[in-house]
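In: Sequence and predicted structure, then a few things I'm wondering about:
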Amino acid sequence: MNDVLPPIRQLQRIGFLLERKREETHRVRAFRKAAWALQKLSPKELDAHVAAGSLTDVPDVGKTTAKVVMEAAEGRTADYLAKLESVVGPLVAGGDALRSMLRGDLHTHSEWSDGGSPIEEMAETAIELGHDYMALTDHSPRLKVANGLSIERLREQLDVVKRVNAELAPFRILTGIEVDILEDGRLDQSPEILAELDLVVASVHSKLRMESDEMTRRMVIAIANPNVDVLGHCTGRLITGGRGTRPESTFDAEIVFEACRRFDVAVEINSRPERLDPPKRLLRLAEEMGCVFSLDTDAHAPGQLDWQPYGCLRAEECGVPGDRIVNTMELDDLLAWTEQHSVD
């Protein structure tokens with residue numbers, strides 16, 4: 001039996017591994033773009049380019065990516081991929097038990113907003129990682145820097161999700177959004193369309209340095225909104241990465257977490273290495289107060305979907321039990337939980 005991946009899959013696997021290890025975007029894009037370009041060719045056209053040694057004539061295929069395809073076409077693992085595979089290992093030491101309990105990821109982005117890959121590719125990767133479901137939560141319209149979705153674009157996306165779900169069943173892409181919490185606590189999308197979605201993550205992305213009392217009020221109003229299911233990256237901090245660092249927003253954590261507990265809104269354990277939000281002292285507080293949690297990647301690329309171990313380790317260290325993490329639920333139970341938050 002030949003376990004060697006076909007040429008395009010080898011390009012995609014390289015992209016996944018580079019994303020997983022947090023390589024620079026430009027390195028990843030070369031492999032992703034080459035894979036997308038070659039997917040547009042028929043098998044006969046691809047074979048003809050391989051035979052003629054003319055792969056670099058295809059737009060977005062360079063010397064390095066062409067070499068990967070040529071080596072893969074010989075029926076072997078390309079040298080570039082083999083080198084990456086040789087050093088693949090666990091991202092963290094710990095959190096394995098929680099990771100094995102997770103059935104999906106409730107915070108992901110696609111190329112429709114500020115993600116880098118198509119919806120189908122994100123979903124296919126989630127399946128490969130063993131997920132039963134994935135919530136697609138692209139940004140809301142006010143976040144223009146992230147190409148946030150207007151109502152019209154969101155409705156177009158819902159049609160795409162319906163089609164992809166039909167192709168990938170029983171895997172399920174949950175319709176969703178990461179909606180901005182506006183300065184007065186309102187949500188940056190119409191209540192009617194929010195009520196139609198399977199899952200709503202609400203996050204603060206603007207005026208992160210508001211006074212504590214104002215920020216507390218802002219967050220509590222959003223949490224009390226019956227359409228909200230998850231409070232995303234609650235402090236907004238950045239601790240590393242290309243965007244630099246950013247301090248935590250200040251708010252009364254006891255009041256905010258009590259609102260989450262009272263309204264049964266999950267506190268997100270954001271697994272992105274540059275966020276790791278909330279900080280451990282707040283994660284412990286939320287656990288002690290009886291909150292439920294959503295352990296997510298906030299992935300903007302397929303390889304980032306494998307970042308959940310970062311959050312699993314933190315949850316384990318802070319004593320968060322698996323039965324209080326909502327994405328350990330089976331799909332029907334999860335949808336029943338989100339449905340009870342929705343406006344009738």
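Out: Arrived safely.

In: residue contacts, residue 268?
Out: Residue 268 sits next to 106-107, 201, 230-234, 277, 293-296 when contact means C-beta atoms under 8 Å, 6 or more residues apart in numbering. (Glycine included, C-beta is placed from N, CA and C.)

In: If we use 6 Å, what do you get?
Out: 230, 232, 294, 296 (C-beta atoms under 6 Å, 6 or more residues apart in numbering).

In: can you map out the strands along the protein?
Out: Taking DSSP state E as the test, the strands found in the chain are 104-108, 133-136, 172-180, 199-203, 230-231, 266-270, 293-296.

In: In a markdown table: those strands, plus mean pLDDT and distance to residue 309.
Out: Output for the strands of the chain, formatted as a markdown table (pLDDT from 0 to 100; distance: least, C-beta to C-beta, whole Å):
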| stretch | mean pLDDT | distance to residue 309 |
| --- | --- | --- |
| strand 104-108 | 98 | 12 |
| strand 133-136 | 98 | 17 |
| strand 172-180 | 98 | 22 |
| strand 199-203 | 98 | 20 |
| strand 230-231 | 98 | 20 |
| strand 266-270 | 98 | 12 |
| strand 293-296 | 98 | 10 |
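
In: May I see the ones you listed arranged in CSV, with distance to residue 302 as well?
Out: Below are the strands of the chain laid out as CSV (distance: least, C-beta to C-beta, whole Å):
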stretch, distance to residue 302
strand 104-108, 10
strand 133-136, 11
strand 172-180, 14
strand 199-203, 19
strand 230-231, 21
strand 266-270, 18
strand 293-296, 15
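
In: right, so of those, which gets closest to residue 239?
Out: For the strands of the chain, the distance to residue 239 is smallest for strand 266-270, at 11.2 Å, taking C-beta to C-beta.

In: In the closest one, which of the residues would be classed as buried?
Out: 266-270 (16 or more other C-beta atoms under 10 Å).

In: Show me which of these is closest to residue 178.
Out: Ranked by distance to residue 178 (C-beta to C-beta), these are led by residue 268 at 10.1 Å.

In: Apart from its chain neighbours, what residue comes closest to residue 35?
Out: Leaving aside its chain neighbours, residue 35 sits nearest to residue 11 (4.0 Å; criterion: C-beta to C-beta, 6 or more residues apart in numbering).
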